[in-house]
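Peer 1: Quick one, structure for this:
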Amino acid sequence: MSDAVRDGTGLPAGAGMAEWRDRIGRSAEYLAIPLFALIVSAALFSLFLLALGQSPGQFFQLLWVGGYGTSFSWQNTLVRSAPLIFTALCVAIPAQLGLVIIGGEGALVLGGLAAAVIALPLAGTAPPAIVLFLMLVAAVGVGAVWIGLVGLLRYGRGVNETIASLLMFYIAISILNFVVEGPLRDPASPNKPSTASIGEANMIGNVPGIDVHWGLPIGILLCVLLYLLMSRTTFGFAARVTGGNVRAAQGQGLPVGKLVVAATAIAGGCAGLAGFFEVAAIHGKANASLIAGYGFSGILVSFLARHNPLAIPPVAILFGGIAAAGGLVQRRMGLPDATMVVLQGLIFVVLLASETLYGRFRIFGGKR
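Peer 2: As a prediction, this is how the structure comes out:
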C-alpha cells in the first residue's frame with residue numbers, strides 16, 4: 001500500500017506516535033501558559049499591594065479563606081460561578097468562528113428582564129412549572145435574538161461584532177432602566193426601582209446537599225453539550241473552518257452567514273439563561289442588580305479557558321472565588337471593592353500578552 005499504509009490511527013504508518021506526542025504537547029502548553037500567566041499576574045499584583053503598604057501574603061490568605069476556605073465560602077463561590085459559566089460560553093462559541101463578542105452582559109440583563117415580565121401576569125394563576133418554563137423560553141429567546149442581531153450585522157453589513165455587542169449592552173441597560181423605572185415599577189420599591197416579585201412559588205430551589213441553585217449543574221451540562229456540538233458535529237467542523245479562513249469556507253460552499261448568526265444566537269441564549277437564573281433563583285425580580293459585571297468577567301473566563309467549553313467551569317470557579325472573597329478582603333485590609341477589579345484586569349492583560357508564547361517552546365513539541 002506504499003506510504004498509504006495505516007497504523008490504526010488514520011495516519012500514515014509511523015506517524016501515529018508523532019501525532020499523539022504533538023497533541024499531548026499542545027494540551028500541556030494550553031495548561032502551562034495560562035498557569036504561568038496567573039503566576040505573573042499574582043506577582044505584579046503583589047508589587048501593587050506593596051506600593052500601597054499592604055501585605056501580599058495577607059491578601060492571598062484572605063482570598064483563599066473568602067473563596068474556598070469554608071463551606072459557606074464554597075457556597076458563595078459556586079453561586080457566583082454559575083452566571084460566569086453562561087456568560088463565558090457567550091464568548092467562547094462565537095470565538096470558534098473568530099468573532100469577539102463582549103456584550104454578553106446585555107443579553108443577560110434582557111434575558112432576566114424578559115423572564116420577570118413573563119412571570120408577573122402568570123404569578124398565582126398558572127402552575128409554577130409552566131411559569132418557570134415560559135420564563136426560561138423567554139430569557140433564552142430574547143438573549144439569542146439580541147446577540148444574534150450582532151452576528152447578522154457582522155455578516156450582512158460588515159459591522160464589527162465587538163463594537164456592536166458593546167453598544168447593544170448600553171441599549172439593553174437603557175431598556176431595563178426604562179421598564180423598571182416606568183411601566184413595571186413596583187410602588188413598594190421606592191429606593192431601588194424594581195419590578196414586582198415573581199412570587200416565592202416561582203423561584204428555583206437549590207440542589208440537594210450543596211445549597212447552590214440549579215444553574216451550576218445545568219451550566220456544567222451545557223458546557224459538555226456545547227463542547228460535543230463544536231467538536232463532534234458537522235456544524236462545529238464548519239464553524240472551525242469558518243474561523244480559520246472565511247474565504248476557504250466560502251470556497252467550499254459553507255453557509256458562512258448562517259453559521260455566524262447561529263453561533264451568535266447560541267451564545268446569546270447562554271447569556272439569557274444566566275439572566276433567567278439570576279431572576280428565578282437569586283433576586284426574584286428584575287432591577288439594577290442584574291448588572292453585576294458577570295458578562296465582562298465571563299470574557300476573562302473564556303479567554304483563560306482558551307474558549308474550550310470543558311475548561312470553562314473550573315476557570316469560572318476560580319474567578320467566582322475571587323469575587324466571593326472581595327467582601328472579606330475589604331473588611332480585613334480596608335481595601336476598596338475595585339481591588340478585585342484591578343486583579344482581574346492584570347490577569348487579562350498578562351493573559352493577552354502570553355498569547356505570543358504559544359508554539360515557541362520545544363518542550364511542548366517544538367516551534368510551530
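
Peer 1: ranges for the helices of this protein?
Peer 2: In the chain, helices defined by DSSP state H lie at 16-51, 56-64, 71-95, 104-122, 128-157, 161-181, 215-232, 234-244, 246-251, 256-277, 294-304, 312-324, 326-333, 338-354, listed in chain order.

Peer 1: Could you check the angle the first one makes with helix 294-304?
Peer 2: Read it as helix 16-51. Helix 16-51 runs at 130 degrees relative to helix 294-304, counting by axes from the mean of the first three to the mean of the last three CA atoms, to 10 degrees.

Peer 1: and what of the fourth one?
Peer 2: Interaxial angle of helix 104-122 relative to helix 294-304 (the same axes, to 10 degrees): 130 degrees.

Peer 1: Export helix 104-122 to PDB, keeping only CA atoms.
Peer 2: Presented in PDB, the C-alpha positions along helix 104-122 are these (Å, rounded to 0.1, in the frame of the first residue of the first chain):
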ATOM      1  CA  GLY A 104     -23.000  39.200  26.800                       C
ATOM      2  CA  GLU A 105     -24.000  41.400  29.800                       C
ATOM      3  CA  GLY A 106     -26.700  43.000  27.700                       C
ATOM      4  CA  ALA A 107     -28.200  39.600  26.800                       C
ATOM      5  CA  LEU A 108     -28.100  38.600  30.500                       C
ATOM      6  CA  VAL A 109     -29.900  41.800  31.500                       C
ATOM      7  CA  LEU A 110     -32.600  41.500  28.900                       C
ATOM      8  CA  GLY A 111     -33.000  37.800  29.500                       C
ATOM      9  CA  GLY A 112     -33.600  38.400  33.200                       C
ATOM     10  CA  LEU A 113     -36.000  41.200  32.400                       C
ATOM     11  CA  ALA A 114     -37.900  39.000  29.900                       C
ATOM     12  CA  ALA A 115     -38.200  36.300  32.500                       C
ATOM     13  CA  ALA A 116     -39.600  38.700  35.100                       C
ATOM     14  CA  VAL A 117     -42.000  40.300  32.600                       C
ATOM     15  CA  ILE A 118     -43.400  36.900  31.600                       C
ATOM     16  CA  ALA A 119     -43.800  35.700  35.200                       C
ATOM     17  CA  LEU A 120     -45.600  38.800  36.500                       C
ATOM     18  CA  PRO A 121     -49.000  38.200  34.900                       C
ATOM     19  CA  LEU A 122     -48.900  34.500  35.500                       C
END
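
Peer 1: Next, the buried residues of it.
Peer 2: 104-120, 122 (16 or more other CB atoms under 10 Å). All C-beta spots, glycine's among them, are computed from the backbone N, C-alpha and C.

Peer 1: do the same with the second one
Peer 2: Neighbour counts over helix 56-64 (16+ other CB under 10 Å) mark 59-60, 62-63 as buried.

Peer 1: so which pair among the residues you listed is furthest apart in space?
Peer 2: Within the buried residues of helix 56-64, two members stand farthest from each other by CB to CB: F60 and L62, at 7.4 Å.

Peer 1: And for A338, the neighbour number?
Peer 2: 11 (other CB atoms under 10 Å).

Peer 1: again with L228
Peer 2: Counted with other CB under 10 Å, L228 comes out at 13.

Peer 1: Tell me the spacing between it and I317.
Peer 2: Distance of L228 to I317, computed by CB to CB, to the nearest Å: 21 Å.

Peer 1: Equivalent analysis for R332, please.
Peer 2: On the measure of CB to CB, R332 and I317 end up 23 Å apart.

Peer 1: between these two, which one's more packed in?
Peer 2: Counting neighbours by other CB under 10 Å for R332 and for I317 shows that I317 has the greater number, 21 against 14.

Peer 1: tell me the pLDDT at the more buried one?
Peer 2: The per-residue pLDDT reported for I317 equals 96.

Peer 1: Likewise for A13?
Peer 2: Note for A13: predicted pLDDT of 46.

Peer 1: The lowest-mean-pLDDT helix or strand in the chain vs helix 338-354, what angle?
Peer 2: Per-element confidence for the chain was summarised using mean pLDDT, DSSP states H and E. The lowest value among helices and strands belongs to helix 16-51, with a mean of 83. For the pair helix 16-51 and helix 338-354, the angle between their directions (the same axes, to 10 degrees) equals 140 degrees.

Peer 1: what about the spatially most central residue of the chain, distance to G112?
Peer 2: Within the chain, the residue whose C-alpha comes closest to the C-alpha centroid is A88; the distance, by CA atoms, centre = their mean, is 1.4 Å. Applying CB to CB, one obtains 17 Å for the distance of A88 from G112.

Peer 1: do the same with L149
Peer 2: Taking CB to CB as the measure, L149 falls 18 Å from G112.

Peer 1: sorry, back to before: quick one: list the elements packing against the least confident helix or strand of the chain.
Peer 2: Under the contact definition 3 or more CB pairs under 8 Å, 6 or more residues apart in numbering; DSSP states H and E, helix 16-51 sits against helix 56-64, helix 294-304, helix 338-354.
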